[in-house]
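A.B. asks: dropping the sequence and predicted coords here.
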Amino acid sequence: MTIFLTLSVVVLALISFIREWMPVDITAIAVMVLLMLLKLVTPEQGISGFGNPATITVMAMFILSAGIARTGALQIVNDLLLKWGGKESTQQIFTMGIIAGPITGFINNTAVVAVLLPIVEDWCRKQSISPSRLLMPLSFVTILGGMITTIGTSTNVLASGLSKQLGYGDFSLFQFT
């Protein structure tokens, strides 16, 4: 019976994610609450992820990224892209890498992509080029840049937390370089 209930909740969640009946975050919280109400997990198990240092770190990175976006500092990035980017796609990709790569070492790469996405789209529109020519390289360069430090990607943060949990200790900031 437990397996049937769990699979039912998973299938319902997947359908909700696909159909977008509710925002993704609301669906995720509803699944957590439903699992607790059906007594498939204890309340402690249901909310245990919120106390994980990795979760808090990723959340803090998103808050930091939003703060940077609101300060107007991103206009500087936009201006640099337009100034240094040139007309050649190779130069544009290189410029984007020089700017975005180091940033993602210290701010979560997902947040950097979310912040830079409208800037790159605006840049493409002003340069009359297809956004697809720069958005995939943006993704790749932020993944690569995120691997510079432990806090650059949520995967590294989670791996560091797991290492500490297993008794091997935290990773240092530049453990991956």
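C.D. replies: That came in fine, so what should we check first?

A.B. asks: for A114, list the residues it contacts.
C.D. replies: The contact partners of A114, by Cβ atoms under 8 Å, 6 or more residues apart in numbering, come to S65. All C-beta atoms are positioned from the backbone trio N, CA, C, and that covers glycine.

A.B. asks: pull out the buried residues from stretch 28-36.
C.D. replies: Within stretch 28-36, the residues scored as buried using 16 or more other Cβ atoms under 10 Å are 30-32, 34-36.

A.B. asks: can you list the low-confidence ranges for this protein?
C.D. replies: Filtered on pLDDT under 70, the chain yields no residues whatsoever.

A.B. asks: so which residue is smack in the middle of this protein?
C.D. replies: With distances taken as Cα atoms, centre = their mean, T110 lies nearest the centre of the chain, 2.5 Å away.

A.B. asks: and for that residue, nearest residue in space, chain neighbours not counted?
C.D. replies: Nearest residue to T110, sequence neighbours excluded (Cβ to Cβ, 6 or more residues apart in numbering): S154, at 6.9 Å.

A.B. asks: which residues touch the one you found?
C.D. replies: By Cβ under 8 Å, 6+ apart, the residues touching S154 are 54, 58, 108, 110.

A.B. asks: any idea how far the last one lies from V157?
C.D. replies: By that I understand T110. The gap separating T110 from V157 is 11 Å, by Cβ to Cβ, to the nearest Å.

A.B. asks: for the second one, same thing?
C.D. replies: Counting by Cβ to Cβ, the gap from V58 to V157 is 6 Å.

A.B. asks: with the third one instead?
C.D. replies: Summarising the geometry, the distance separating N108 from V157, computed by Cβ to Cβ, is 8 Å.

A.B. asks: anything in contact with each of those two?
C.D. replies: 58, 151.

A.B. asks: that concludes my questions; thank you for your assistance.
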